[in-house]
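> Sequence and computational prediction follow.
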Amino acid sequence: MRVPRWLLIVVGVYLIGLTVWSFLLATGRNPLPFPDPGSRIFAASSVEGRDAVVALLEQHGLKERLQANTPGVSRTILMDGTIINHSSPEVVRKVGGATACIGLVADDPAAAAQDAAAFLKSRGFTGDVVLDVEPGMPIAFVLTNALSGNCINFRRHVIHMPRPES
């Protein structure tokens, strides 16, 4: 049986692409938006502080993927999903002064936040849902005393988020 040359080329290119993507995924430099494991968000004291921390992390192999800034939040998203941001005083006030956040992916962020708040309340903690922290960004926050100075947020998958500013 003879295999057509074009089929061998297509399979070869596919296997090379799959191998490269697998390597990048295993080393934390996935160029694709899949999978989306959520994010871990840390607040910097200023935009300059954010830039300094990002530069330091780059020296240790954690590269910047993109910046997704809004009028209230200046954020850098790293290749592993870690976010270093600087929020306006208004945004910080809206999230109860939280300085870090665990970001989770949900099809319906508001409903997932309500469910999380109810779960935390059933365990004896507070659970307050805050919506519209950043107008135009579909992110729902859960403020809770189960975390000290931190919060939980729910957002849509990265492919369903608004396009970042360049």
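Noted; the coordinates are in hand.

> My reading is that residue 54 is in a strand; is that accurate?
No: counting by DSSP: H, G, I helix; E, B strand; the rest coil, one finds residue 54 to be helix, located in no strand.

> I'd assumed residue 66 was in contact with it.
No: the criterion here is Cβ atoms under 8 Å, and residue 54 misses it with residue 66 at 11.5 Å. C-beta here means a position set from N, CA and C on the backbone, and glycine is covered the same way.

> Between the two, point out the one with more neighbours.
Legend: neighbour count by other Cβ atoms under 10 Å for residue 54 and residue 66, higher for residue 54 (19 against 13).

> so who does that one touch?
Neighbour list for residue 54: 64, 76, 78, 84 [criterion: Cβ atoms under 8 Å, 6 or more residues apart in numbering].

> From residue 82, how far off is it?
In this view, residue 54 and residue 82 are 10 Å apart by Cβ to Cβ, to the nearest Å.

> try residue 28
Here the criterion is Cβ to Cβ. By it, residue 28 lies 10 Å from residue 82.

> and if you look at residue 121?
Taking Cβ to Cβ, one finds residue 121 at 29 Å from residue 82.

> Check residue 163 too.
On the measure of Cβ to Cβ, residue 163 and residue 82 end up 21 Å apart.

> So residue 28 and residue 82 - more neighbours on which side?
Using other Cβ under 10 Å, the more surrounded residue of residue 28 and residue 82 is residue 82, with 18 against 14.

> Thanks a lot, see you next time.
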